[in-house]
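Peer 1: Sequence and computational prediction follow.
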Amino acid sequence: MSIQVSVIIPNFNCKQYLAKAISSVVRQHNIECEILIIDDGSTDGSVEWLNKLQQSLPNMRVIKQQNCGVVSVRNKAIELAKGDYIAFLDADDYWTEDKLFNQVIYMQNNRDCVLSFTNYMHVNEQYEPIIDCFSYWPEFTKFINWSTEGYQNLKSPMDLLLFANVIGTSSVVVKKSAICYVGKFDKSLNSASDWDCWLKLARIGNVAFTNQVSMGYLMRAGSITANRQNRLTAMQIIIDRCKNDIGVVSRFKAKARMLECYSEYYREIGYKFKAFCLATAAFLLFPHRRNLQHLVHDIKQSIK
């Protein structure tokens, strides 16, 4: 049978997580897929482990390269992919068994859909659930038709995704032809290239999602804060690129989201007053529940 989906797994020193990620792909039902693992210069023995595993998994290819970063890895894998559809899975995440079949069938039956994604669960390092993505973004819930089972089209995806990026990379399936058409992932961005790519795809076709939790996202200690400054810079570049594609209200929401992100950054590094001022400005520009919770937290911290 021909390959329907190419599953792309970047790896950089993730040996301890690879077994769970790969086994979650192997367990997918009723789908023909290949597994492309691009190793980005690992030094933890994961390449040797993968080479042994490859002997028992004929549909898995291991490609080695010098360390160039995840954007280069994903773009190279897209070029090598044989499937009409591409699914992304980070080496420390994992899927439920029915994820790919449901997703690909929907996209095959809805040819205008260039990107689909699922809800996902944040888990700690013991794989205990924390909170699902959609619940963390209450402003997203009003876009959901709760009477619809399975996948549904996202209304006004550009406007929504610019201020509420609910798309987890490891939950995504895209059309290979579409992602190649928009130029794949932008290597000029130091962070958030996935978000930029989803927005480019939203310009050319439909985006669909499901409420079903079909992916586990591992929250590794220190993995977010270390890259926060680069991400903030990249986010501003991306928002500036999109400002002519969205309405006035969405521009205010996007600006509020930037203020909220800067508030989170200053809160993390101990600048309480600056965090409070930015959180207040974000709340006044676009009030919502999570923003209010952060603002109340900052007020409590400032009076201690």
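Peer 2: Perfect, I can see it now. Residues are numbered from 1 along each chain as shown.

Peer 1: ok, Y94 - how many residues close by?
Peer 2: Close neighbours of Y94, defined as other C-beta atoms under 10 Å, add up to 24. Where C-beta positions appear, they are placed from N, C-alpha and C, glycine not excepted.

Peer 1: Identify the residue nearest it in space, chain neighbours excluded?
Peer 2: In space, and not counting its chain neighbours, Y94 is closest to S24: 4.0 Å by C-beta to C-beta, 6 or more residues apart in numbering.

Peer 1: how close does that neighbour get to A91?
Peer 2: Using C-beta to C-beta, to the nearest Å, S24 is found at 11 Å from A91.

Peer 1: next one: D196
Peer 2: According to C-beta to C-beta, D196 stands 22 Å off from A91.

Peer 1: Could you list every helix and strand in contact with whatever helix or strand A279 lives in?
Peer 2: Assigning secondary structure by DSSP states H and E places A279 in helix 272-285. Where contact means 3 or more C-beta pairs under 8 Å, 6 or more residues apart in numbering; DSSP states H and E, helix 272-285 is packed against helix 248-268, helix 289-302.

Peer 1: ok, E260 to V248 distance?
Peer 2: Distance, E260 to V248, by C-beta to C-beta: 19 Å.

Peer 1: Who has more neighbours out of the two?
Peer 2: Taking other C-beta under 10 Å, E260 and V248 do not tie; E260 has more neighbours (23 against 7).

Peer 1: Quick one, grab the pLDDT at the residue nearest to the more buried one when sequence neighbours are not counted.
Peer 2: Leaving aside its sequence neighbours, E260 sits nearest to A282 (C-beta to C-beta, 6+ apart; 4.2 Å). A282 carries a pLDDT value of 89.

Peer 1: List the buried residues of stretch 203-216.
Peer 2: 205-216 (16 or more other C-beta atoms under 10 Å).

Peer 1: any idea of the mean pLDDT in it?
Peer 2: Stretch 203-216 comes out at a mean pLDDT of 96.

Peer 1: From the chain's centroid, how far away is that stretch?
Peer 2: Relative to the centre of its chain, stretch 203-216 is centred 11 Å away, using C-alpha atoms, centre = their mean, to the nearest Å.

Peer 1: now do stretch 164-178
Peer 2: Here stretch 164-178 is found 7 Å from its chain centre; the criterion is C-alpha atoms, centre = their mean.

Peer 1: can you give me the mean pLDDT across the helix or strand K64 falls within?
Peer 2: Assigned by DSSP H and E, K64 belongs to strand 60-65. Averaged across strand 60-65, the pLDDT comes to 94.

Peer 1: Just the residues contacting it, thanks.
Peer 2: Here strand 60-65 makes contact (C-beta atoms under 8 Å, 6 or more residues apart in numbering) with 22, 34-41, 47, 50-51, 53-54, 72-73, 76-77, 80.

Peer 1: list the buried ones in that strand?
Peer 2: Residues of strand 60-65 classed as buried by neighbour count (16+ other C-beta under 10 Å): 60-62.

Peer 1: number of nearby residues for the nearest residue to V26 once chain neighbours are set aside?
Peer 2: Excluding the flanking residues, the one nearest V26 by C-beta to C-beta, 6+ apart is L57, at 7.2 Å. Neighbours of L57 under the rule other C-beta under 10 Å: 15.

Peer 1: can you pull the contacts of L57?
Peer 2: Applying C-beta under 8 Å, 6+ apart, one finds that L57 lies in contact with 22, 26, 35.

Peer 1: Quick check, the last one in contact with Q28.
Peer 2: What it means is I35. No: applying C-beta atoms under 8 Å, one finds I35 not in contact with Q28, separated by 10.3 Å.

Peer 1: Could I get the contacting residues of D112?
Peer 2: Here D112 is in contact with 205-206 (criterion: C-beta under 8 Å, 6+ apart).

Peer 1: how close does it sit to Y217?
Peer 2: With distances taken as C-beta to C-beta, D112 is found 28 Å from Y217.

Peer 1: Also N145?
Peer 2: Counting by C-beta to C-beta, the gap from N145 to Y217 is 24 Å.

Peer 1: And the two? Which one has more around it.
Peer 2: When N145 and Y217 are compared for neighbours, Y217 comes out ahead with 20 against 10, by other C-beta under 10 Å.

Peer 1: Could you report the neighbour count for S23?
Peer 2: Per other C-beta under 10 Å, the neighbour tally for S23 reads 11.

Peer 1: pretty sure I35 belongs to a strand, no?
Peer 2: Yes: I35: assigned to a strand according to DSSP: H, G, I helix; E, B strand; the rest coil.

Peer 1: Can you name the next helix or strand after the helix or strand containing F134?
Peer 2: Assigned by DSSP H and E, F134 belongs to helix 133-136. Using DSSP H and E, the helix or strand that follows helix 133-136 in sequence is strand 151-153.
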